[in-house]
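>>> sequence below, structure please.
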Amino acid sequence: RVAPSGHPPVEMEVAGVYTAIGANFSSGIPKGISDSFGVQAVGPRVKRLTPNGSWGGRPPVFLGGDLVNDQRTVVDAIASGKAGAVAIDTGFRGLNPGKIWPSILVGGNGAVSVNCLDGGDRSRRQGHVVRYKELNTSYFFYQKRENPPSITFENRGADFHEVRMRVSGAMAAREATRCFRCGLCDQCDNCYLFCPDVSVRRDLNAGSREIDYDYCKGCGVCVAECPRNAMVLEEMPR
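Down below sits the predicted model:
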């Protein structure tokens, strides 16, 4: 029986209940899992249990969080949940997860982007996680941060309400406009305007920009003038 906050208890039938309290997995989990018997890595922060032994005949089980991660933190557990969801989704669609991971990883720490999996705008960005110092801030205006309202210090002891109150829709929209959209081209055309060799080609219908390497001299002006670091300058193999 579970009782969500403010609702009457709900009864549901489950095959098993496992707890994860104090960075330790439940003692009710079969020994084969804790001994890594029949466990195969299928992606970052997630592993697949081959249904052998007492679990034979059951559907595949995906493991994450404290069971497979050396760093037992909430962030790693959430990341395992996302990676596990991707592994299960690709399995249902008959795809090989091993071929999917390289195209949806962001940064160098194995972060998974579901947006890339769905073909969203994140898939058009470079894999590198852009830092603030890599932005060309000359093209941005300072915009004050929206601080959410909070209960006054004098009134905090009167009840158990959250100290930070909800933000309004207008406030959330204003705060969202402060996003730099790091690493994502917004078609500002700085690369096109500043290129001394006229080697940037624009496809206005598709909203894309390409480099014509027959004319590009590799000066890097387009990269330097890109506000959001959506371009990288790399040496081509000979």
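>>> which residues are in contact with the longest helix seen in the chain?
In the chain, taking DSSP state H as the definition, the longest helix is helix 74-92. By C-beta atoms under 8 Å, 6 or more residues apart in numbering, the residues outside helix 74-92 that reach it are 20, 42-46, 48, 60, 62, 64-66, 68-69, 96-97, 100, 104, 110-112, 114, 117. Bear in mind the C-beta positions are built from the backbone N, C-alpha and C, glycine included.
>>> same check, this time on stretch 95-104
Identification of contacts with stretch 95-104 by C-beta under 8 Å, 6+ apart yields 42-44, 86-87, 90-91, 112-114, 116-117, 123.
>>> just stretch 217-228 next, same as before
Identification of contacts with stretch 217-228 by C-beta under 8 Å, 6+ apart yields 130, 135-140, 180-186, 188, 190-191, 194-197, 199-200, 211, 229, 231-233.
>>> give me the low-pLDDT residue ranges for this structure?
For the chain, residues meeting the criterion pLDDT under 70 lie at 1-7, 18-39, 49-58, 108-110, 124-127, 238.
>>> where along it do the strands fall?
For the chain, applying DSSP state E gives strands covering 20-21, 24-25, 39-43, 46-49, 61-64, 105-106, 111-112, 200-203, 208-211.
>>> save the ones you listed as a markdown table, and put in mean neighbour count and distance to Ala170 too.
Compiled in a markdown table, those are given as follows (neighbours: other C-beta atoms under 10 Å; distance: least, C-beta to C-beta, whole Å):
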| stretch | mean neighbour count | distance to Ala170 |
| --- | --- | --- |
| strand 20-21 | 10 | 39 |
| strand 24-25 | 14 | 45 |
| strand 39-43 | 17 | 40 |
| strand 46-49 | 22 | 39 |
| strand 61-64 | 21 | 38 |
| strand 105-106 | 18 | 30 |
| strand 111-112 | 20 | 31 |
| strand 200-203 | 14 | 35 |
| strand 208-211 | 14 | 33 |
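>>> in contact with Leu233, which residues?
By C-beta under 8 Å, 6+ apart, the contact set of Leu233 is Gly218, Gly220, Val223.
>>> at 7 Å what do you get?
Leu233 makes contact with Gly220, Val223 under the criterion C-beta atoms under 7 Å, 6 or more residues apart in numbering.
>>> just Gly64 next, same as before
Arg45, Val46, Ser80, Gly81, Ala83, Gly84 are the contacts of Gly64 under C-beta under 7 Å, 6+ apart.
>>> quick check: beta-bridge partners of it?
Beta bridges link Gly64 to Val46 when assigned by DSSP bridges.
>>> what about it, distance to Lys99?
20 Å (C-beta to C-beta, to the nearest Å).
>>> what does Gln40 give?
Taking C-beta to C-beta, one finds Gln40 at 16 Å from Lys99.
>>> any idea which residue is closest to the centre of this protein?
For the chain, the residue nearest the mean C-alpha position is Ser113 (4.0 Å; C-alpha atoms, centre = their mean).
>>> that one contacts Arg122, doesn't it?
Yes. Ser113 is in contact with Arg122 according to C-beta atoms under 7 Å; the separation is 5.2 Å.
>>> could you list the residues in contact with stretch 143-163?
With C-beta under 7 Å, 6+ apart as the criterion, stretch 143-163 contacts Arg164, Met165, Val167, Met171, Arg174, Glu175, Thr177, Arg178.
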